[in-house]
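Asker: Quick one, structure for this:
(chains A, B, C and D)
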There are 2 protein chains.
Amino acid sequence: MPRNTTLHDVAAAVGVSARTVSRAVNGEPGLSDATRKRVLETVERMNYQTNMLARGLRANRSNTIGLIVTDLTDPFFPALAQSVQQTASKSGHTLILASTQKAAETESQILASFRARGVDGTIMFAADGQRRDVLQHAREGLPMVLIDDQDGPAENLTSIRNDLEGGARAAVRHLLEEGHRAIAMISNVQSPERSRGRDRGYAEEMRLAGLGDRTRIVYEEATVDGGAAGMAALLSSPPRPTGVFAYNDLMAIGAMRAAQAAGLVVPDDLAIVGFDDIRMASLVSPMLSTVRIDRERLGQTAVARLLELIERRAGSGAEEPPSATVPVLGCDLIVRESSRRAHSVPTASHDETRQEPDVEATHE
Amino acid sequence: MPRNTTLHDVAAAVGVSARTVSRAVNGEPGLSDATRKRVLETVERMNYQTNMLARGLRANRSNTIGLIVTDLTDPFFPALAQSVQQTASKSGHTLILASTQKAAETESQILASFRARGVDGTIMFAADGQRRDVLQHAREGLPMVLIDDQDGPAENLTSIRNDLEGGARAAVRHLLEEGHRAIAMISNVQSPERSRGRDRGYAEEMRLAGLGDRTRIVYEEATVDGGAAGMAALLSSPPRPTGVFAYNDLMAIGAMRAAQAAGLVVPDDLAIVGFDDIRMASLVSPMLSTVRIDRERLGQTAVARLLELIERRAGSGAEEPPSATVPVLGCDLIVRESSRRAHSVPTASHDETRQEPDVEATHE
DNA sequence: CTGAAAGCGCTTACAG
DNA sequence: CTGAAAGCGCTTACAG
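Answerer: The predicted model follows:
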């Protein structure tokens, strides 16, 4: 097997030192244009590629970033992973992907293996009860962006939030405006921390409408089957709700299927609103109303913040105080068919979107 | 920022040489049990983690494998990526993921960057007209598994195939058995090489049924919108088909939506069968009949083959001849609601599956 | 503007 | 059974 071309091979071919080739390849100053040109031509001709393992070892930066998801087969994640990968590749970073599914590895183990691989930083979701481990890794030098973290920034750690509570409130307000009073919620039993914002938004909006005593949340797994189970639970004990807000679209679709199987017509007998706006939402019938989390923007924002963090670490010494604001991305309500009654012929051509502004939350 | 613990730190703490710690960590022989035990305890206590960049640089193996997909937001890929990642992690390999979407980078560029990162091997799909570049990278030392490659194995390269033609034939036979004669196909305009097997299966089965002159294929983009466009094309020029076989589920769902929008009832007026069995297939209504590609098994098989290839390279010198057989994974027909008429109340509880056996194709 | 030396943290090949 | 030396391919810090 042929050995790959190295810096020394190029240097020998041009008749300069390896240091000079390194300068040319990295676009560093301190090099005559003539030399630079000769070197780069030879680099091209010999098809030289920097060995990133060697560079990473020496320079302590690998140009890789890690992303940890819980389950790639959850339709929420692929668009995010894609966005992270595309954004990262623009700055020359390669994506390393891990999923915690089936808990074969804990998050902490994955983070340890990422560090052993020399990733420059990591993007992950805030998992219940793991914050101490995560903070520890950050403190030990792994820059980290935490998505939908309840707490604020910390050493070497930035938070980004989606306005889950605001999205939930918009969804419930919409159901109220459609005339519903008996509005129930199907939420996520697995992750209280993640469902908190949505639960709170629902409860708060009910309270404001004077319906605090009709608040009703059932908790199930955040899957299609879990949504179906939640709907079964709601239907089995009166009063029957006429509107349902679900933790995510998967659950909403399961709930919708269960309602239909029970002979109910959606949205006439029962209105349903989900969360996330996965692609499936616009392909089921009736098309699902939902609250959109813009995963492309989320991925871009997360990578941008992570790169800032990495920069700050690299240019250390200055040690600027970390920004105390955490970006909060607005979540837009998208009204489709599953929650709109009195519209005999729904028009599929145009979703009705209500835009919520992005804001900055200050964390004292 | 605290420096990470190194082999030398551990060695100094135990009072042995770095070489001895390395032996203990890697489970190599030639070490007294007492020493091994002392070393490993200290490794644990000091929380030592092997620096994979250093190991990779020296040992020329990084314990990473690359996966190249065209578009992570295509629901076909996440389950595959997840399976590859899970299987790879069992042998201590980390997944590096890239997608060629929007052609920001060509496959060849991605392969070059993977090699610069020292990946031990790569899994990818065979893209039209890129085979020369891919073979070149394999020849230069990058072990590679190609999925659904038309050609056979090559130096440092293994192929795996799904029985796309067999799956297509099963789908068309099913439509024939349901009594359909006017059966059209909506296929993929972007990748003739990838659609070839399915196109051929469809045409062959029509010919065998004496319907060769009624063969009709329209080509569109392999998306929901493309499927809708294909159906529009089919409906706009008679004779109207009563059965349609689509390149994949996304197209099938688009076709179904378009047919329904045109006032047709699926499956009564028009039966539809897709390909892949993405999750969405069982969540649309009517539930979509399809041909399943088991992506979990595909990922497992691909990783297993890749590891064999990597092993062979590592233990080189012996140079065993590469196996001349390429595994062909069977694709099962799954009959749901979209293609089954005369069943007034479809039972959602049990899919009807017809299992096709896996075989080995010999490549002379 | 350019280069010689050292070293990142491991493993390989060799010696005892 | 254990270790001293060399080197993987780069970049850092320094000298000229």
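Asker: from here on, contacts and neighbour counts on C-alpha atoms
Answerer: Will do.
Asker: low pLDDT regions in the stretch 51-200 of chain A?
Answerer: For the stretch 51-200 of chain A, applying pLDDT under 70 flags the ranges A:102-105.
Asker: Residue A:51 versus the residue in it that DNA strand C sits nearest to, what's the distance?
Answerer: Relative to DNA strand C, the nearest point of the stretch 51-200 of chain A is residue A:58 (3.3 Å; CA to the nearest atom of the strand). Taking CA to CA, to the nearest Å as the measure, residue A:58 falls 11 Å from residue A:51.
Asker: quick one: which of the two has more around it?
Answerer: Neighbour totals were compared for residue A:58 and residue A:51, and residue A:51 leads with 18 against 12 (other CA atoms under 10 Å in any protein chain shown).
Asker: what about the strands in the stretch 1-150 of chain A?
Answerer: A:64-69, A:94-99, A:121-125, A:144-147 (DSSP state E, counting those that start in this stretch).
Asker: I misspoke; the intended subject was the stretch 151-300 of chain A.
Answerer: A:157-162, A:183-188, A:217-220, A:243-246, A:271-273, A:290-292.
Asker: Tell me which of the ones you listed sits nearest to DNA strand D.
Answerer: strand A:157-162 (23.0 Å).
Asker: Save the strands of the stretch 151-300 of chain A as JSON lines, and put in distance to DNA strand C and mean neighbour count too.
Answerer: Below are these laid out as JSON lines (distance: least, CA to the nearest atom of the strand, whole Å; neighbours: other CA atoms under 10 Å in any protein chain shown):
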{"stretch": "strand A:157-162", "distance to DNA strand C": "22", "mean neighbour count": "24"}
{"stretch": "strand A:183-188", "distance to DNA strand C": "41", "mean neighbour count": "27"}
{"stretch": "strand A:217-220", "distance to DNA strand C": "44", "mean neighbour count": "20"}
{"stretch": "strand A:243-246", "distance to DNA strand C": "48", "mean neighbour count": "29"}
{"stretch": "strand A:271-273", "distance to DNA strand C": "51", "mean neighbour count": "30"}
{"stretch": "strand A:290-292", "distance to DNA strand C": "44", "mean neighbour count": "27"}
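Asker: and whichever helix in chain A runs longest, what does it pack onto?
Answerer: Using DSSP state H, we find that the single longest helix of chain A is helix A:295-314. With contacts taken as 3 or more CA pairs under 8 Å, 6 or more residues apart in numbering or on different chains; DSSP states H and E, helix A:295-314 sits against helix A:77-90, strand A:121-125, strand A:144-147, strand A:157-162.
Asker: Kindly calculate the angle that that helix makes with strand A:157-162.
Answerer: 170 degrees (axes from the mean of the first three to the mean of the last three CA atoms, to 10 degrees).
Asker: After helix A:295-314, which helix or strand is next?
Answerer: strand A:325-329 (DSSP states H and E).
Asker: That following strand: how far from the chain's middle?
Answerer: 13 Å (CA atoms, centre = their mean, to the nearest Å).
Asker: What of stretch A:179-196?
Answerer: 20 Å.
Asker: go on, stretch A:121-137?
Answerer: Worked out by CA atoms, centre = their mean, stretch A:121-137 lies 14 Å from the chain centre.
Asker: what is the mean pLDDT for stretch A:278-289?
Answerer: Computed over stretch A:278-289, the mean pLDDT rounds to 95.
Asker: now the end-to-end length of it.
Answerer: Taking CA to CA as the criterion, the two ends of stretch A:278-289 lie 11 Å apart.
Asker: Can you tell me what sits against that stretch?
Answerer: A:75-76, A:249, A:253, A:266-267, A:272-274, A:290, A:333-339, B:253, B:280, B:283-285 (CA atoms under 8 Å, 6 or more residues apart in numbering or on different chains).
Asker: List the buried residues for it?
Answerer: A:278, A:280, A:281, A:282, A:283, A:284, A:285, A:286, A:287, A:288, A:289 (16 or more other CA atoms under 10 Å in any protein chain shown).
Asker: One more: stretch A:297-307?
Answerer: Buried residues in stretch A:297-307 (16+ other CA under 10 Å): A:298, A:299, A:300, A:301, A:302, A:303, A:304, A:305, A:306, A:307.
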